[in-house]
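Student: Predicted model and sequence below, questions to follow.
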Amino acid sequence: MKQELAVILSGGSEMVTLGLVEALLDQNIEVVIVELGISSILRNEARIKSFFHWEWPCANNLAGASALEEIASASLASKSFENIFLFASEDGGMRLIADNAATLRERFLFTTCRNLASCGYDKLEVFRCLQASAASKYCARFLELDSFADVENGLGDLGDSFVVKPSRKSFTVDIPAWNSKIFEIDRSTPDYPDTLSALGRSWGSAATWVAQERLIRPPEGEFECYGVRDEFGDFRCTTAVEIVKYPDSGGGGCFVVLTPIAEISRIGYEVAEALDLIGLCEMSFLRSSTGSWKLVEANCRPWLQIALPEAAGFPIVRLACQALRGSALSDIQYPVVFAKTFWCWPERLLQRAFASPWRRRFSEIFGAFSMIIKSDIRVPYSSTIGGSTSLWLGKLVKRIVFR
């Protein structure tokens, strides 16, 4: 049997790494974890080949790429691996891969988009590519922001209400002075000056920013397509709905259901074709003011709910590895129909409930526990990775005590 290795740049939410590692180990792919400024909750898992700890952010792009080259060389010195996969669990690691793609491609296999220079990391590049493609109808109106003054002076094409978000984030995932990944700008609301001030304080945290028309979240939630495409154009996917997010706008999904949605599957295929995706991708969709579906973002790396399709019977990580090898997805057999499956992150649900106004807090807490009970997957508590739950709880207690 051929030997394969996966190197994971692990930072931000370790729930991504947890789900990814489980799926890789199930395929007998050896795993190396690079801790990006964190102490991993997977450290007690004996099946993981080795851990490397990096101070994060790294000194520069070249330093990070050189360190990855050394990891590959050391791994190949101990065993002959036919393939070495490279994954990032958060945007900082993804940027490191994107900025050094030409060099890293000589050693590693990783998700890329042949119509993009940034491997999908740069939102502005994704929107421009989509706008110029046959799938342009799924591209929301957007503007590149040259400076913070653009926002202060108003964006005529987008009106008085729009969303501002980083196009290319810095290596760290935090946006100073804010608890969300986006800024909702609405000149007609009383909190507009505070939002604008927070955006101004955060402006230096990202290399470039983009403004996008405000989209409408359907009552069911934010719609998702989890897909994989190979170099022959074969696209396989499943779909989900993020029922609850925290924060409600720009936050991460904390209660999600995997369920078949034919229209979102079809749109996901068209977007993947437009980007010429090779590998895996999470695509998020909301509706425009006219009711048409628009792409919010294309996340070309493993995401928070990566364990959800796996649990439902859709082997997304196995399919991704198959695509990255340059092999056909049609060679992998799996069930065509997937059971409706619920995923939750209990702490985030409870955090959202306790942050609600007093008059709604009891009902929100009751609702959070109802969703936790209903869920088939409760991260990290459903994980089979040895010791991860106890290490996670230890981190959680420290965060509460020393915050």
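Tutor: Sure thing, it's come through.

Student: Mind jotting down where the helices sit in the stretch 51-200 of the chain?
Tutor: In the stretch 51-200 of the chain, the helices defined using DSSP state H, counting those that start in this stretch lie at 61-78, 91-99, 101-104, 123-131, 148-153, 192-202.

Student: Any chance of those in TSV with mean pLDDT as columns?
Tutor: Output for those, formatted as TSV (pLDDT from 0 to 100):
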stretch	mean pLDDT
helix 61-78	86
helix 91-99	90
helix 101-104	93
helix 123-131	96
helix 148-153	87
helix 192-202	90
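
Student: Single out the most deeply packed of those helices.
Tutor: helix 91-99 (a mean of 24; mean count of other Cβ atoms under 10 Å). C-beta: built from backbone N, CA, C; applies to glycine.

Student: how far is it from where the chain is centred?
Tutor: 12 Å (Cα atoms, centre = their mean, to the nearest Å).

Student: List of residues touching that helix?
Tutor: For helix 91-99, contacts defined as Cβ atoms under 8 Å, 6 or more residues apart in numbering pick out 9-12, 34, 36, 56-58, 61, 64-65, 86, 88, 104, 110, 118-122, 168-173, 300-301.

Student: In strands, which of the residues you listed fall?
Tutor: Of the positions in these, Leu9, Ser10, Val34, Leu36, Leu86, Ala88, Arg168, Lys169 sit in strands, assigned by DSSP state E.

Student: Point to the residue nearest the middle of this protein.
Tutor: The centroid of the chain falls nearest to Trp303 when counting by Cα atoms, centre = their mean (3.5 Å).

Student: Quick check: that one touching Glu282?
Tutor: Yes. Assessed by Cβ atoms under 8 Å, Trp303 is found in contact with Glu282 at 4.3 Å.

Student: right, so of the helices of the stretch 51-200 of the chain, which gets closest to Ser40?
Tutor: For the helices of the stretch 51-200 of the chain, the distance to Ser40 is smallest for helix 91-99, at 13.3 Å, taking Cβ to Cβ.

Student: Show the low-confidence segments of the stretch 301-403 of the chain, by residue range.
Tutor: 403 (pLDDT under 70).

Student: Okay, helices next: where are they in it?
Tutor: In the stretch 301-403 of the chain, the helices defined using DSSP H, counting those that start in this stretch lie at 307-312, 316-325, 346-354, 358-374, 388-402.

Student: Output the helices of the stretch 51-200 of the chain in a markdown table; the columns should cover distance to Ala307.
Tutor: Listed next are the helices of the stretch 51-200 of the chain as a markdown table, based on distance: least, Cβ to Cβ, whole Å:
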| stretch | distance to Ala307 |
| --- | --- |
| helix 61-78 | 25 |
| helix 91-99 | 19 |
| helix 101-104 | 26 |
| helix 123-131 | 25 |
| helix 148-153 | 37 |
| helix 192-202 | 31 |
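
Student: Can you tell me how far the residue nearest to the centre of the chain is from Arg214?
Tutor: Taking Cβ to Cβ, to the nearest Å as the measure, Trp303 and Arg214 are separated by 23 Å.

Student: and what of Phe110?
Tutor: Per Cβ to Cβ, Phe110 is found 33 Å from Arg214.

Student: the more surrounded of the two?
Tutor: Phe110 (23 against 20; other Cβ atoms under 10 Å).

Student: My read is that the more buried one contacts Gly120, right?
Tutor: No. Applying Cβ under 8 Å, one finds Phe110 not in contact with Gly120, separated by 10.8 Å.

Student: What about the residue lying closest to Tyr138 once chain neighbours are set aside, how many residues nearby?
Tutor: Once flanking residues are discounted, Tyr138 sits nearest to Leu295: 5.1 Å by Cβ to Cβ, 6 or more residues apart in numbering. Residues near Leu295, counting by other Cβ under 10 Å, number 25.

Student: which SS class is Ile48?
Tutor: Using DSSP: H, G, I helix; E, B strand; the rest coil, the structure places Ile48 in coil.

Student: for the residue lying closest to Lys2 once chain neighbours are set aside, what are its contacts?
Tutor: Spatially, and ignoring its direct neighbours in sequence, Lys2 is nearest to Glu82 (4.4 Å; Cβ to Cβ, 6+ apart). Going by Cβ under 8 Å, 6+ apart, Glu82 touches Lys2, Gln3, Glu4.
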